[in-house]
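In: Attaching a predicted model along with its sequence, questions to come.
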2 protein chains.
Amino acid sequence: MSYMPAALPLTQPDAALAACCSPVTAGIVSDEAATTLARMFKALGDPTRVKLLSLIAASAGGEACVCDLTDPAGLSQPTISHHMKVLADAGLITREQRGKWAYFSLAPQVLGSLAGALTPTAG
Amino acid sequence: MSYMPAALPLTQPDAALAACCSPVTAGIVSDEAATTLARMFKALGDPTRVKLLSLIAASAGGEACVCDLTDPAGLSQPTISHHMKVLADAGLITREQRGKWAYFSLAPQVLGSLAGALTPTAG
DNA sequence: TCCTCACATTGACAAACATCGATGGGAGCA
DNA sequence: TGCTCCCATCGATGTTTGTCAATGTGAGGA
């Protein structure tokens, strides 16, 4: 329930079923659902964050810490930290503190749900 | 080629195959691909635009003109026009002038490609 | 020709955003 | 206890964005 943001399919206001099909292209989305979806898409609406997601996904074990990302992204540590917070707040990544390091991983179910919201209804 | 923006899967820099699978979660995306993807996601990163897409999709014939959208969106005509331009520039909708009216439709293939960029690699 | 309607463009403005340097707060090690 | 390292937060700054009123443009009808 924590990584299942709400009404993902841009379709029926009830949603909650989300996850797989019937997206933006099926019905009129509620204001709430539109806001939730937009917040997640907005988190993806920055080249740096897209690259960060990609870097995390490509890392060993599917997780990475901030120090792994600053160099490839070519940005300062506070900036990376900021972007990670945006992605985490949107539910697209998760954070796990382990010793001194904070490890970030993708939230595949959320990303899959977002994809479902974009997939046109087959018909 | 007009509605196939570039390297959608947030994976291999070559991309171009895009469309269906191997997304953000498969490899390190190139700077170009990240920028292209981010521009499209950014267009989706506003509640109003999400709702507009949904309204278009739910309209008869899968198309709508600006005057159909101002009331449901609760915004002024110039603002709707602005959002339509953002969506069109991102390639998410298409515009067709017919008499006095401009009809907007979704670009399902682009939306599908975007969804593909989000779908985790199965395995 | 003139008027009306649908839409785009312009100009303006407040809000949000991306980025950085500087600082703070824990965790581990000596 | 001190020191170092990783990361988050703060404050500042320049840029982008969402919105509207006003105006421009082009098509159709009287």
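Out: Yep, that arrived. Being a predicted model, the structure only gives us computed values, none of them experimental.

In: need the strands for chain A, in chain order.
Out: A:63-64, A:93-98, A:101-106 (DSSP state E).

In: Which of these sits closest to DNA strand C?
Out: strand A:93-98 (7.1 Å; Cβ to the nearest atom of the strand). Any C-beta I mention is one placed from the backbone N, CA and C, and that applies to glycine too.

In: Provide the strand pairings for that closest one, with the direction of each partner.
Out: strand A:101-106 (antiparallel) (DSSP bridges).

In: Give me the buried stretch members for the partner strand, please.
Out: A:102-106 (16 or more other Cβ atoms under 10 Å in any protein chain shown).

In: from those residues, which are also near DNA strand D?
Out: By Cβ under 7 Å from any atom of the strand, the members of the buried residues of strand A:101-106 lying near DNA strand D are residue A:102.

In: Tabulate the strands of chain A (TSV), appending mean pLDDT.
Out: Formatted as TSV, the strands of chain A follow (pLDDT from 0 to 100):
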stretch	mean pLDDT
strand A:63-64	96
strand A:93-98	97
strand A:101-106	97
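
In: what angle do the helix or strand of chain A with the lowest mean pLDDT and strand A:93-98 make?
Out: Confidence across the helices and strands of chain A bottoms out at helix A:108-118, with a mean of 93, counting by mean pLDDT, DSSP states H and E. Per axes from the mean of the first three to the mean of the last three Cα atoms, to 10 degrees, the angle that helix A:108-118 makes with strand A:93-98 is 170 degrees.

In: Below-threshold pLDDT in chain A: ranges please.
Out: A:1-27, A:120-123 (pLDDT under 70).

In: ok so, going back, of the strands of chain A, which is nearest residue A:84?
Out: strand A:101-106 (5.8 Å; Cβ to Cβ).

In: what sits up against the closest one?
Out: A:53, A:56-57, A:62-67, A:84, A:87-88, A:92-97, B:24-25, B:120 (Cβ atoms under 8 Å, 6 or more residues apart in numbering or on different chains).

In: got the contact list for the spatially most central residue of chain A?
Out: The residue lying closest to the centre of chain A (Cα atoms, centre = their mean) is residue A:92, at 2.4 Å. When contacts are counted by Cβ under 8 Å, 6+ apart, residue A:92 touches A:40, A:43-44, A:53, A:106-107, A:110-111.

In: Please report how far residue A:38 lies from residue A:57.
Out: 23 Å (Cβ to Cβ, to the nearest Å).

In: Equivalent analysis for residue A:73, please.
Out: Separation of residue A:73 from residue A:57 (Cβ to Cβ) stands at 14 Å.

In: try residue A:75
Out: Remark: distance between residue A:75 and residue A:57 (Cβ to Cβ) = 18 Å.

In: of these two, who's got more company?
Out: Neighbour count, other Cβ atoms under 10 Å in any protein chain shown: between residue A:75 and residue A:57, residue A:57 has more, with 25 against 17.

In: ok, the buried residues of strand A:101-106 vs chain B, which is closest?
Out: Chain B has its nearest neighbour among the buried residues of strand A:101-106 in residue A:106, at 6.1 Å by Cβ to the nearest Cβ.

In: tell me the contacts of residue A:68?
Out: Neighbour list for residue A:68: A:55, A:59 [criterion: Cβ under 8 Å, 6+ apart].
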